[in-house]
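**Q** Let's see this in three dimensions:
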Amino acid sequence: MSGKAVQIWWLRRDLRLGDNPALNAALEAGPVIPVFIHDVHVDELGAAPKWRLEQGLRALAQRLEGMGSRLILRRGPALDVLRELVAETGAKAVHWNRLYDPLSRERDADIKRELKDEGIEATSHAAHVLFEPWTVETGTGGFYKVFSPFWKAVRGRDPGAPLAPPGKIAAPEVWPASDALADWALGRAMNRGAEVLARHCKPGEEAAEVRLHEFVEEGLADYKARRDMPGMDGTSRLSEYLALGEISPRRVWAVGMQAREAGNAGAEPFLREVGWRDFAHHLMYHTPHLLSDNWREGWDGFPWSEDAESDAVMAWKQGRTGIDFVDAAMREMYVTGHMHNRARMVVASYLTKHMLVHWKVGQAWFAECLTDWDPASNAMGWQWTAGCGPDAAPYFRVFNPDTQLEKFDPKGDYAKAWLAEGQRTPSETALSFFEAMPRSWNLSPEDRRPEPIVGLKAGRERALAAYESVR
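**A** As a prediction, this is how the structure comes out:
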């Protein structure tokens with residue numbers, strides 16, 4: 001690569017070598033310096049997502065080192081850091097893959113403008129979703145606000161074949177200095193919970209590929225029947241890898257399409273879930289208030305409580321509402337950083353409808369605890385369940401956690417796995433919650449199960465009355 005200008009590959013939520021357009025474009029132009037910047041966007045992450053980011057960065061750094069490259073870590077405002085690196089290395093171009101949340105879009109637009117004004121090539125690429133948000137339009141030219149027609153519009157489209165990982169990455173003659181990942185202490189806020197969370201985390205692109213193939217070979221055929229069963233390993237568990245870009249949606253789509261063409265019965269509902277993720281990012285792009293305000297008009301007067309520190313909300317966070325499905329789900333999330341999708345709907349419904357607590361309180365707690373945290377999916381999921389989001393169904397869909405558990409966990413495996421109180425011999429997973437939680441919570445597996453803080457019948461009636469009062 002002698003004589004070719006150095007290229008900076010700026011990583012964000014694309015911690016992979018395969019199907020990485022920004023990396024490929026940089027490699028075509030010259031030797032590459034991979035860079036991750038700890039800016040305010042990283043500072044604002046919750047405890048579990050920040051810890052998971054650290055694991056992902058470590059895994060990627062090790063893979064790069066195995067190819068004769070390295071991951072440069074710098075801290076500060078992204079534009080300032082990129083300018084410093086350009087000055088230090090003589091780089092002529094910066095490449096990155098696009099994100100679609102409003103803060104990233106604003107930051108990236110400013111950086112592209114400033115670098116270009118200074119004579120530096122600044123190029124963004126498509127890699128985080130299947131289809132760019134401005135490329136999927138209704139017949140009248142607008143964007144889709146309901147998922148079903150969105151899915152009909154994209155299920156037959158070709159996002160293109162995923163790019164193969166490079167065989168080697170040409171290195172610069174001189175490497176710039178790098179921070180040490182350990183010095184960033186990204187996992188500090190997890191405290192003693194980090195050790196417990198690590199038991200349930202296999203970070204990195206290689207682990208993502210293993211999980212994808214295991215799921216397709218062993219679980220995809222039964223996906224439609226098992227995906228709603230929280231006590232089973234019936235889902236792909238790819239969400240944390242997609243959130244950090246350790247695998248691309250296009251890669252997942254390609255494998256899913258191969259299975260569909262081979263006649264695998266679970267492929268279509270699985271691909272639909274990949275499409276649901278795209279839909280969330282499209283809505284976030286076109287209606288950025290999805291992240292912070294009621295998506296539907298007419299909901300600002302709904303009588304939700306926004307007290308995130310109330311005793312009732314604390315009980316919900318700790319898995320002590322007295323409702324087995326809700327409490328098991330909240331414990332699962334606290335221990336593993338993940339929550340089954342059916343459970344996410346149930347706990348969100350209980351908080352926003354039975355407890356009449358604002359969806360933003362739940363959204364913030366999920367953002368603190370989920371290793372698969374994604375701004376678009378988290379916000380859309382909460383608003384969809386609360387009733388103020390992009391859903392054609394009426395508000396009065398109130399999940400009954402008890403009947404949901406009877407239907408989807410008839411043997412009680414899920415509750416037994418995560419609730420130690422009341423069991424003579426609690427499971428290891430149920431006991432691990434008490435290892436992970438703050439000591440200040442002062443909870444014990446010998447405690448009695450609490451009575452429901454809000455009865456299911458009374459909570460439903462109160463929710464419907466509140467809806468009628470503002471409708």
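**Q** so where is the stretch 151-300 of the chain shaky, pLDDT-wise?
**A** Along the stretch 151-300 of the chain, segments meeting pLDDT under 70 are nowhere present.
**Q** Over to the stretch 301-450 of the chain?
**A** Ranges of the stretch 301-450 of the chain meeting pLDDT under 70: 392-396.
**Q** all helices of it, in order?
**A** 311-318, 324-336, 341-349, 359-369, 375-386, 401-408, 413-418, 428-436 (DSSP state H, counting those that start in this stretch).
**Q** where do the helices sit along the stretch 101-250 of the chain?
**A** For the stretch 101-250 of the chain, helices defined by DSSP H, counting those that start in this stretch occupy the ranges 102-117, 147-154, 181-184, 193-198, 205-218, 223-226, 239-243, 249-261.
**Q** Which residue, other than its chain neighbours, is closest to residue 51?
**A** Spatial nearest neighbour of residue 51, excluding adjacent residues (Cβ to Cβ, 6 or more residues apart in numbering): residue 187 at 3.9 Å. Just so you know, the C-beta spots here come from the backbone N, C-alpha and C atoms, and that holds for glycine as well.
**Q** Please name the residues that touch that neighbour.
**A** 50, 51, 54, 194 (Cβ atoms under 8 Å, 6 or more residues apart in numbering).
**Q** give the contact list for the last one.
**A** This points to residue 194. By Cβ under 8 Å, 6+ apart, the neighbours of residue 194 are 51, 187.
**Q** now do 10 Å
**A** By Cβ atoms under 10 Å, 6 or more residues apart in numbering, residue 194 lies in contact with 47, 48, 51, 54, 55, 187, 188, 201, 436.
**Q** need those residues in JSON lines with distance to residue 400, can you?
**A** Listed next are these as JSON lines, based on distance: Cβ to Cβ, whole Å:
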{"residue": "47", "distance to residue 400": "32"}
{"residue": "48", "distance to residue 400": "29"}
{"residue": "51", "distance to residue 400": "34"}
{"residue": "54", "distance to residue 400": "39"}
{"residue": "55", "distance to residue 400": "37"}
{"residue": "187", "distance to residue 400": "38"}
{"residue": "188", "distance to residue 400": "40"}
{"residue": "201", "distance to residue 400": "33"}
{"residue": "436", "distance to residue 400": "29"}
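**Q** ok so, going back, from residue 255, how far out is the residue nearest to residue 51?
**A** Distance from residue 187 to residue 255, counting by Cβ to Cβ, to the nearest Å: 31 Å.
**Q** and the gap between residue 333 and residue 107?
**A** Distance from residue 333 to residue 107, counting by Cβ to Cβ: 29 Å.
**Q** Neighbour count: these two, which is higher?
**A** Using other Cβ atoms under 10 Å, the more surrounded residue of residue 333 and residue 107 is residue 333, with 25 against 19.
**Q** What sits closest to residue 86 if chain neighbours are left out?
**A** Nearest residue to residue 86 in three dimensions, chain neighbours excluded: residue 120, at 5.8 Å (Cβ to Cβ, 6+ apart).
**Q** Sorry, wrong one. I was asking about residue 200.
**A** Nearest-residue entry for residue 200: residue 336, 4.1 Å, with adjacent residues in sequence omitted and distances by Cβ to Cβ, 6+ apart.
**Q** Surely the one you found and residue 328 touch.
**A** No: using Cβ atoms under 10 Å, residue 336 is not in contact with residue 328; the gap is 11.9 Å.
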